[in-house]
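Undergrad: show me the folded form of this:
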Amino acid sequence: MQTLIVCEKPDAAARVARALDEDGDPRRTETQGVPIYESRNRKETILVCSALGHLYAVDSKTHTSRRCYPVWDFDWKPKHLIDKKSARLARWIQVISSLASNADRYINACDYDVEGSLIGYTILRYACHGADSKAQRMKFSTLTEKELKSAYRNLAPQLDMPLVEAGRTRHELDWLYGINLSRLLTESALKQNRGYSTLSTGRVQGPTLKFVVNREEEIQSFTPTPFWTIDATVARDGQTYTLEYEKEKILTIAEAEQVVKDCKNAFLEVESADSRNVQQSPPYPFDLSNLQSEAFKHFGYTPSRTLAIAEKLYLEALISYPRTSSQKLPPDIGYSEILHGIATMAQYRTLASKLTIKDSLRPTKGPKDDPAHPAVYPTGAPPRRHLIQPEANLLDIIIKRFMSAFAEASLRESSQLTLKKEPHRFFLRGTRLLKEGWTQFYRPYTSDEFQKLPDLKVGDKIPITRIKDSQKFTEPPPRYNPSSLLRKMEEENIGTKATRAEIIEILYRRGYIKNIRIEATPLALKIINLLNKYCPLIIDPKFTARLETSMDNIQTLQTSRSHVIAETLDHLRPIMLDLIAREDEIGSQLAEVVVSQRIASLTFDYPCSQCGSQLKIIRSRTSGKRFIGCTGYEKGCRFTLPLPQFGNLSITRTSCKICGFQLVQARTKGRRPMTSCARCYSNKTRANATESSTPAAPSTSRKATDDLVEAASLVKDQ
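TA: Modelled structure (predicted):
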């Protein structure tokens, strides 16, 4: 008998094949560059192949121009027929189709979630000649040999069709919204003859951008109001302590000055001394959003980067499946076995050994659950290669979070001294650790800051050593960062754990938002204002959340795909007709802001240091390289600066702390944005060249001159 197993990615296919081969050494071959693994298991031949993510996608049923809208008829088609960048997927489909022709049994072993179920289903249905109706499902949360063998022994007899139907619906709805609204925005602006620029919105993208725009408008319209605080200190046994005044904010300067006058050079009397013990339970095991939040907090990784790193660790069988909403660790994952595995790694041996000797292991658990996967946890397997720092960091925090889940609560003593100088009250607050509990397992990711109080008792007096009033101003609400924006999406139930990070990256790529402390660009403000004016339902988070609930209900068989699609079309069709009727008005407003933002995105605020003209980002037509050039070239200015040759570049509003030049940020999908100073880099490169005994190659300067000569015409164009 010959079995065909379809996995989601090549690395997963290799691990599945190795686990199922009776000798642990499957035969690897390649057909048209597509890897195929052949495993022998008793009398069974198992062929394991993989996809590269989605091989099929939604497209219009009949071939229409990309500029045509609205489009309501759709179908699933091979991805390479839709997107030229996916051309190599044709080989994958052809090879899988050939393998399927000789198979007796079919198994979907893609990731066990909505996306994985859909990827496997579309391959089995379209590439494997309708094999979806007789295929089985392999379910696992880690790529360890033990779990893969167990999953193969306990195959589900059929595909998980509720997940498949939910996935189909999500992709089809996203296509209907995205293709129609995005084409309308793009084409309406293009028809104004102001140049092409891809504009997009969608079912999740629109409401997410609205969060940012609403916050931007709150910040821009915010009027600071003054208030005053009291800054005071006391000293005891050579140590200075900061006091808290009873009023956090004083609304008039007269009152603040009176407090200072009353208490200057005064003695404070201890009125009361209170303390209480505070028990803090271990943190919940990681779900994906908590992992992304902690990685941003401690390492500065964006949510998309954290997910990319976590997926690499999963494919190397170092952690469980990361796309999970669960905060629970079920007993069947094998707590003791994992902890013993962690104990084999030198850096964790001491801590893990404290847990392995416990009579019983009961992890803490959070309220969130996921029917498909447990919380993110380490497998206990040591890395087989040297991990780069981001990978090592993420694995470290996952291991330590896992260990802390089995530890006892920590105990802290929280103390407060109340000091008086009638009619005023001041406070001294302190904490000290009485019992480490879980905190010893989670360092350095938990705070160890403790404040000891002076040895004072009720009735003691202590002099104020310094007191003054300080004027401050109320601040606007904080800007979102990628982590807090993702958290907002989760709170409002828009998007999924698998798609939220990518939505945020799309907003960056489209030029709608910029910087880590997220700012909405003028283009974002204009798009949201237009959509809010003409079709507010499209960007209403509550409406999008209701759609999310409907798709969740498909998984639980409370509604059907056809019903959700029909209901959505009833909403979307009249909206599109109304927008098309206002196309000229929308286009003229969009075109204006598109052009101004395009110019602004290429132009520096700081003038050329040699001639005072504007500096711009220029791309050479001959070399394709980007550099900073001066618009005063025709007047003889030859000033240039180098730029990174990767990622999407944007000019920030931040100045270099060393030289004052405007910083440039390069963003690459799945990686942390790189912010750099072109002037400092140029100065450093020039200094290194001067120190070097080897002269610079003549061709380098000649090439730079060629690029600069070309800049004259490019500057005119921009």
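Undergrad: kindly report the domain assignment for the chain.
TA: Using automatic domain parsing, the domain parsing of the chain gives 2-159, 169-221+481-595, 226-282+410-473, 288-404, 603-717.
Undergrad: give the closest residue to Ala17 in space, chain neighbours not counted.
TA: Using Cβ to Cβ, 6 or more residues apart in numbering and skipping the chain neighbours, the partner closest in space to Ala17 is Tyr37 (3.4 Å). (C-beta placed from N, C-alpha, C; glycine too.)
Undergrad: could the domains of the chain be laid out in CSV, adding mean neighbour count and mean pLDDT?
TA: Compiled in CSV, those are given as follows (neighbours: other Cβ atoms under 10 Å; pLDDT from 0 to 100):
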stretch, mean neighbour count, mean pLDDT
domain 2-159, 18, 95
domain 169-221+481-595, 19, 92
domain 226-282+410-473, 15, 95
domain 288-404, 19, 96
domain 603-717, 15, 72
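Undergrad: quick one, phi psi at the residue nearest to Ala17?
TA: Phi and psi for Tyr37, reported as degrees, to the nearest 10, are phi -110, psi 130.
Undergrad: that one contacts Arg27, correct?
TA: Yes: contact criterion Cβ atoms under 8 Å: Tyr37 and Arg27 qualify, at 7.1 Å.
Undergrad: helices or strands next to the helix or strand Ile219 falls within in the packing?
TA: Here Ile219 is covered by helix 205-221, with elements defined by DSSP states H and E. Using 3 or more Cβ pairs under 8 Å, 6 or more residues apart in numbering; DSSP states H and E, the elements in contact with helix 205-221 are helix 482-491, helix 500-509, strand 519-520, helix 522-534, helix 541-555.
Undergrad: helix or strand right after that helix?
TA: In N-to-C order, the element after helix 205-221 by DSSP H and E is strand 226-236.
Undergrad: next SSE after that following strand?
TA: Next helix or strand after strand 226-236 toward the C-terminus (DSSP H and E): strand 239-245.
Undergrad: so what strands line up beside that next one?
TA: strand 226-236 (antiparallel), strand 424-435 (antiparallel) (DSSP bridges).
Undergrad: quick one: the strands in the stretch 1-150 of the chain?
TA: Taking DSSP state E, counting those that start in this stretch to define them, one finds strands in the stretch 1-150 of the chain at 2-7, 27-31, 34-41, 44-50, 56-60, 74-78, 105-108, 136-137.
Undergrad: enumerate every residue touching the residue nearest to Ala17.
TA: Residues in contact with Tyr37 (Cβ atoms under 8 Å, 6 or more residues apart in numbering) are Ala13, Ala14, Val16, Ala17, Arg18, Pro26, Arg27, Arg28, Leu47, Val48, Cys49.
Undergrad: my read: the third one touches Glu145, true?
TA: The one in question is Val16. No: using Cβ under 8 Å, Val16 is not in contact with Glu145; the gap is 9.8 Å.
Undergrad: give me the contact list for the helix holding Ile219.
TA: With contact meaning Cβ under 8 Å, 6+ apart, helix 205-221 is reached by 178, 181, 201, 476-477, 479-480, 485, 488-489, 492, 494-495, 503-504, 506-507, 512-513, 518-520, 524-525, 527-529, 531-532, 538-541, 544.
Undergrad: ok now that helix, how far from the chain's centre?
TA: 18 Å (Cα atoms, centre = their mean, to the nearest Å).
Undergrad: again, but for stretch 102-115
TA: 28 Å.
Undergrad: stretch 222-239 now?
TA: Put simply, stretch 222-239 sits 37 Å off its chain's centre (Cα atoms, centre = their mean).
Undergrad: looking at this, Ile586 is in a strand?
TA: No: under DSSP: H, G, I helix; E, B strand; the rest coil, Ile586 falls outside any strand and is assigned helix.
Undergrad: and it, what does it touch?
TA: Leu184, Leu185, Ser188, Leu530, Tyr534, Leu579.
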